[in-house]
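**Student:** Output the structure for:
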Amino acid sequence: MSAARNELVSPLDTIERVDGDLESWCPPRAEKREDVVRIVEYSHYPRLSRDQRRSVGFTRDESRSGMCIAVGEHEESGTLLRVAVRNVDGGLTFDALARVVWCDARSDGRYWLGLALMEAGGRRMLKVRRGGEHREV
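**Tutor:** Numbers count the residues shown, from 1 in each chain. Modelled structure (predicted):
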């Protein structure tokens, strides 16, 4: 039974055999990605104007160091974004600064953005110094 199972060919195996050099353009992942859909609010950092509003997108996948999100507007690589990820109930999961690594057009006119997180979500931050002492938030 196990010998027959080993002989089955998946579509992915076929693609890898046709183009064995797939790994050359995509570096190996250091972290596991989690396929999850969450609401993302984002804006340019620093803000470009006083009345600039946050845009909304959704995640395709996440890892500890980045995420892929679907958005309505093209963003240039290297652009800094303030990203707030929300759970199903609308509660804030984390708020972080991210850099656009890549941007690809989708067939429906939207874009996939690959983001690298510049600061860890949920990290402890220090308040402004008062009277010579630091207070943790």
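
**Student:** Neighbours of T93, how many?
**Tutor:** Look at T93: counted by other CB atoms under 10 Å, it has 15 neighbours. Any C-beta I mention is one placed from the backbone N, CA and C, and that applies to glycine too.

**Student:** A30 too?
**Tutor:** If you count neighbours by other CB under 10 Å, A30 ends up with 8.

**Student:** Could I get the full set of helices for the protein?
**Tutor:** When assigned using DSSP state H, the helices of the chain occupy the ranges 2-7, 11-18.

**Student:** Quick check, L81 in contact with V101.
**Tutor:** No - between L81 and V101 there is no contact under CB atoms under 8 Å: 11.2 Å.

**Student:** For those two, indicate the residue with more neighbours.
**Tutor:** Remark: of L81 and V101, L81 carries more neighbours, 22 against 14, as counted by other CB under 10 Å.

**Student:** list the contacts for the more buried one?
**Tutor:** Residues in contact with L81 (CB atoms under 8 Å, 6 or more residues apart in numbering) are 42-45, 75, 97-100, 115.
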